[in-house]
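Engineer: prediction below, plus the sequence it came from.
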Amino acid sequence: MLIFFACTAMLIIGYFVYGGLVDRLFGPDTSRATPAMCMADGVDYVPMSKTKIFLIQLLNIAGLGPVFGPILGALYGPSALLWIVFGTLLGGGVHDYFSGMLSIRYKGQSIPDVVGYNLGPAFKQFMRVFSIILLLLVGVVFVLGPAKLLAKLSGVEVGMWVAGIFAYYFLATILPIDKIIGRFYPFFGAILVFMAIAVPAALMFQGYHMFPNLTLENLHPKHLPMWPLMFITIACGAISGFHSTQSPLMSRCVCNEREGRFIFYGAMVAEGFIGLVWATVGMSFYQSPEALNASLAAGGPANVVNEACIALLGGFGGVLAILGVVVLPITSGDTAFRAARLIIADFAKYSQKESVRRLYIAMPLFAVGYVISLANFDVIWRYFGWANQTLAAIVLWTAAAYCIKLGKNHWIATVPAVFMTAVTNTYLCNATIGFNLPMDVATGIGVISAILALIWFLYTFRPTRIAQMAAGDNA
């Protein structure tokens, strides 16, 4: 258990040290009025306490990713723990912080507009379409995942749960943010905290051999390559582009910029801890990658969650822990559709104050979501994984561009942007859902494309070019 505690300690220390560095670099301005304070509308712009916003942000971003992803990533062995820790601190935390704080600076606007202000109008238009597609994929994935868990738990067929979850999502999408999300999330958060503490505690006190295969070698029983698959598989538990679509929802509720590190960077660190919990379950409850793989073959990550929770915590405690997992995707799926509604509304400049206007956007969104839900879950998950990390790379490039424009050290965002560009392009070139090229060829293309992206970025945002752009804006 020492390794688990060491990783947890690294996350906590990283929040204060590296998170503090990121915060100082950005420079929150306590005298600047936030969108929640100067644009309150009682629907989406609603001032809330930082504690409530942190909890909502955590539940918004922590979908199936920090559970299903680390479980699948555990097949690779303890290397997954390193990616969760360093990915969270150096990549995910930076990504989430900037996506939230930049949205505050840009009057609570959605991520396509934030990207457009910094990378240009072409990226803005691309991001509008790309973000909506990703959010629909997220919404569907986060319907089917919890529906399967609840069906296994209750014996009620999956279709009934899908219908019920879709109905809840619809209400959460159109009602003011403090009517359902603001009221139910504290209860959901209590269940989540129970799951996150009880599961590792049960592993420790019941005498399981923790991390019996302690090596950094690739232990995947199917011999799948660690690069780039592990970095795509463990998404939300380390870095996730989906988070950038959720942060603007909470940026519209923040009362003071000084709260940004706690809310945005802090929620990512908390999600990294959840990822650690389930990666540890995958490597310790199952004493070998082969045993974990057998459980996955019997019913996917949902089966692993069910087996581990019931065995570790018994009937009542196991059910509570499973519900703690269920609330994660449900509290991300509802805000996925809500964020899609707001992106479309921002693009069309279509006021959302009247409920009927929200219905005009929400109804077609849910119709498309239902059609997507009829597709194969595994295929949807693979497309979600690639799209998710691609969005993360774009947002990191956006953060780097913002830093350069303000004369700040941009490498804090540029380095993870280059890495994630190489990961996503390698995966796209190699995967069967992409170009299905041999891994060595795919890796070469991925690395070269990342280097070219860096060269383009440094050339485009060189100091003389920034000065020219500023002069043009002032003309």
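Structural biologist: Happy to help now that I have it.

Engineer: which residues are in contact with stretch 41-48?
Structural biologist: Judged by C-beta atoms under 8 Å, 6 or more residues apart in numbering, the contacts made with stretch 41-48 from elsewhere in the structure are 35-37, 39-40, 56, 108, 176-178, 182, 249, 252-253, 255, 342, 352-353. Just so you know, the C-beta spots here come from the backbone N, C-alpha and C atoms, and that holds for glycine as well.

Engineer: try 7 Å this time
Structural biologist: By C-beta atoms under 7 Å, 6 or more residues apart in numbering, the residues outside stretch 41-48 that reach it are 35-37, 39-40, 108, 176-178, 182, 252-253, 255, 342, 352-353.

Engineer: buried residues in it?
Structural biologist: Of the residues in stretch 41-48, those buried under the neighbour-count criterion (16 or more other C-beta atoms under 10 Å) are 43-48.

Engineer: from these, which single one is nearest residue 224?
Structural biologist: Proximity of the buried residues of stretch 41-48 to residue 224 was ranked by C-beta to C-beta; the top entry is residue 44 with 41.9 Å.

Engineer: elements contacting the biggest helix by length in the chain?
Structural biologist: Among all segments of the chain classified by DSSP state H, the helix with the greatest residue count is helix 289-348. When contacts are defined as 3 or more C-beta pairs under 7 Å, 6 or more residues apart in numbering; DSSP states H and E, helix 289-348 sits against helix 50-61, helix 65-73, helix 121-154, helix 158-174, helix 181-205, helix 242-251, helix 266-284, helix 355-373.

Engineer: right, and those - which one's nearest residue 83?
Structural biologist: Among the helices and strands packed on helix 289-348, the nearest to residue 83 by C-beta to C-beta is helix 65-73 (7.3 Å).

Engineer: how about residue 31, phi and psi?
Structural biologist: The phi and psi torsions at residue 31 (degrees, to the nearest 10) take the values phi -90, psi -10.

Engineer: tell me the pLDDT at the closest residue to residue 195 other than its chain neighbours?
Structural biologist: Setting aside the residues directly before and after it, residue 195 is nearest to residue 324 in space (C-beta to C-beta, 6 or more residues apart in numbering), at 2.7 Å. According to the per-residue confidence, residue 324 scores 76 in pLDDT.

Engineer: what does residue 378 give?
Structural biologist: Value for residue 378, per-residue pLDDT: 69.

Engineer: do residue 320 as well
Structural biologist: In the prediction, the pLDDT value recorded for residue 320 is 82.

Engineer: next: residue 463.
Structural biologist: In the prediction, the pLDDT value recorded for residue 463 is 69.

Engineer: again with the one 3 residues further on
Structural biologist: Among the per-residue scores, residue 466 holds a pLDDT of 61.

Engineer: same deal with residue 331?
Structural biologist: Taken from the predicted model, the pLDDT recorded for residue 331 is 73.

Engineer: burial measure for it, as a count.
Structural biologist: When neighbours are defined as other C-beta atoms under 10 Å, residue 331 has 26 of them.

Engineer: not counting sequence-adjacent ones, nearest residue to it?
Structural biologist: For residue 331, ignoring the flanking residues on the chain, the nearest one in space by C-beta to C-beta, 6+ apart is residue 59 at 3.7 Å.

Engineer: you'd agree that neighbour is up against residue 188?
Structural biologist: Yes. With contacts counted by C-beta atoms under 7 Å, residue 59 reaches residue 188, the gap being 5.9 Å.
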